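1. what's the 3D shape of this:
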Amino acid sequence: MRLIGTKSNRAGIGAVVRLRAGGQESAHRIKSGSSYASTCELLARFGLGAAARVDELRVEWPSGGVETFEVPQVDRVLTVTEGAGTRIP
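-> Numbering: from 1, shown residues only. The predicted structure is shown next:
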């Protein structure tokens, strides 16, 4: 998953991505680094195991907004843009 922030920062740093598939839930926080002189890949990667589809993809943006997004296919990089999902109050 690659995030593009519009109200939040452009790279979505600080966002939490939650994915539910096959009865399991995983979460990944987008961060730019974790220790001195280090960087992190700005993608959230999830393993689905035997699941062939994603039941729910939820992004908690640094701006405070929470959205869900459709995942049409798996085994690829999906780019989501803040404001383009279904907003959760």
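2. contacting residues around the residue sitting nearest the centre point of the chain?
-> With distances taken as CA atoms, centre = their mean, the residue of the chain nearest its centroid is Val17 (3.4 Å). When contacts are counted by CB atoms under 8 Å, 6 or more residues apart in numbering, Val17 touches Met1, Leu3, Ala27, His28, Arg29, Ile30, Ala44, Leu57, Arg58, Val59, Glu60. Every C-beta, even on glycine, is put in place using the N, C-alpha and C of the backbone.
3. out of these, which end up buried?
-> Met1, Leu3, Ile30, Ala44, Leu57, Arg58, Val59, Glu60 (16 or more other CB atoms under 10 Å).
4. mind picking the two most distant members of the contacts of Val17?
-> Farthest pair in the contacts of Val17 (CB to CB) is Arg29 and Leu57. Separation: 15.0 Å.
5. which one is Ile88 nearest to, not counting chain neighbours?
-> Sequence neighbours aside, Val66 is the residue nearest to Ile88 in space, at 4.4 Å (criterion: CB to CB, 6 or more residues apart in numbering).
6. and that neighbour, how many neighbours?
-> Val66 sits with 16 neighbouring residues when counted by other CB atoms under 10 Å.
7. now it: how far from Glu25?
-> 15 Å (CB to CB, to the nearest Å).
8. try Gly47
-> 13 Å.
9. for those two, indicate the residue with more neighbours.
-> A side-by-side neighbour count of Gly47 and Glu25, using other CB under 10 Å, places Glu25 first with 12 against 9.
10. appreciated, that's everything.
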